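Chemist: Sequence and computational prediction follow.
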Amino acid sequence: MHLIFLPVVHKKDKNGNDIDKLACSEFWKEKDSYRRLQNAFYDYMVSHNFKLERGLPKEETNRQHLDLKEFKQITNFENTKKTLKNIKLELPEVPDIKDFKRLSFNRDEKILEEIIKPKDEVIEKLYQANVTLQEKLSRQANIIDEAQKYQKERNSIIADNKELHNQVNNIKAEYKEKEFDIEWKYKSKIKSLEKENNHLHKIIDKFYETVDKFIIWICHKFGIGESKELVKNFEKEARTFIDPLKQLKHEEKEWNLEK
């Protein structure tokens, strides 16, 4: 019986749903996957009253697996095919069954020796040769099946690697696009802050200018004297500088001393 089947695995998709997926690489995960499948098939059939014989594992028989090319060289495969194709078996003529029975019943030793025994010997030799040939052809067929299976697995792995490579390239392209977006946002933010900083500098400069004009106006209005002297006295008595930068440095210095 020749079986043709598809390697289906039971798993969950991205959403957690149970699905059946056609996946050769996931079905044949271990080196002994095919042996375990054969064992499971054998156990199932025997449990249903089918009389099957299970072959012995190579660990018990110590048989060595050969690749197809090496096996053909050892067994002289090509020449054997040509020889078998050209063989023409010539068997001795078989006597009529009725005559054969009659002669057997009469126990004619001459017929037994000259016809029956030679015929039986030829048939036995042909049978043994046929058995040997069948064993060789069976092993060769198994090797070819294994080679085809490995080739399919190799093709599947190459396809999976190609798909993975495409996914990596897609991820790189996606992150490159996000990197560009982030860089553009930061540049835009920096430009906005620079513009805001320039505006604040203008406000501070204008504030300095206004304070100077205000002090000069106060001095002139109330006849206090020079504006510089007024500022100096204010900073001394209030312990506060008109210039905010000087004031900040002064406060930091005092804070460090207290610390």
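Modeler: On my side now, so go ahead. Values in this document were obtained by computation on a predicted structure and should not be read as measured data. Residues are numbered from 1 along each chain as shown.

Chemist: Contacts for the helix or strand containing Lys246 next, please.
Modeler: Assigned by DSSP states H and E, Lys246 belongs to helix 244-258. Outside of helix 244-258, the residues within contact range by C-beta atoms under 8 Å, 6 or more residues apart in numbering are 204, 240-241. The C-beta positions use only the backbone N, C-alpha and C, and glycine is treated the same way.

Chemist: the strands in this protein, which residues?
Modeler: 8-12, 18-22 (DSSP state E).

Chemist: For Lys213, find the nearest of these.
Modeler: Relative to Lys213, the nearest member of the strands of the chain by C-beta to C-beta is strand 8-12, separated by 78.1 Å.

Chemist: now that closest one: how far from the chain's centre is it?
Modeler: Here strand 8-12 is found 16 Å from its chain centre; the criterion is C-alpha atoms, centre = their mean, to the nearest Å.

Chemist: Show me what counts as buried in that strand.
Modeler: By 16 or more other C-beta atoms under 10 Å, strand 8-12 has no buried positions at all.

Chemist: if I look at Asp243, how far off is Asp205?
Modeler: 12 Å (C-beta to C-beta, to the nearest Å).

Chemist: now the helices: where do they sit in the stretch 151-259 of the chain?
Modeler: With DSSP state H, counting those that start in this stretch as the criterion, the stretch 151-259 of the chain has helices at 227-238, 244-258.

Chemist: Helix 227-238 and the last one, what's the angle between them?
Modeler: Helix 244-258 and helix 227-238 meet at an angle of 30 degrees, taking axes from the mean of the first three to the mean of the last three C-alpha atoms, to 10 degrees as the criterion.

Chemist: List the buried residues for helix 244-258?
Modeler: By neighbour count on 16+ other C-beta under 10 Å, the buried set for helix 244-258 is empty.

Chemist: and it, C-alpha only, in CSV?
Modeler: The C-alpha atoms that make up helix 244-258 are tabulated as CSV, following Å, rounded to 0.1, in the frame of the first residue of the first chain:
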residue,chain,number,x,y,z
PRO,A,244,19.3,89.5,36.3
LEU,A,245,22.4,87.6,35.3
LYS,A,246,24.4,89.1,38.1
GLN,A,247,21.6,88.5,40.5
LEU,A,248,21.4,84.8,39.5
LYS,A,249,25.2,84.3,40.0
HIS,A,250,24.9,86.1,43.3
GLU,A,251,22.1,83.9,44.5
GLU,A,252,24.0,80.7,43.4
LYS,A,253,27.1,81.8,45.2
GLU,A,254,25.2,82.4,48.4
TRP,A,255,23.4,79.1,48.1
ASN,A,256,26.7,77.3,47.7
LEU,A,257,28.1,79.0,50.8
GLU,A,258,25.0,78.0,52.8
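
Chemist: Let me see the mean pLDDT of that helix.
Modeler: Mean pLDDT, computed over helix 244-258, is 74.

Chemist: what does the shortest one give?
Modeler: Model confidence over helix 227-238, given as mean pLDDT, is 74.

Chemist: Show me what it is packed up against.
Modeler: Under the contact criterion of 3 or more C-beta pairs under 8 Å, 6 or more residues apart in numbering; DSSP states H and E, helix 227-238 touches helix 117-222.

Chemist: Could you list every helix and strand that the helix it packs on packs against?
Modeler: So helix 117-222, by 3+ C-beta pairs under 8 Å, 6+ apart, packs with helix 24-27, helix 68-75, helix 77-86, helix 227-238.

Chemist: Could you check the first one and say which residues are buried?
Modeler: Residues of helix 24-27 classed as buried by neighbour count (16+ other C-beta under 10 Å): 24, 27.
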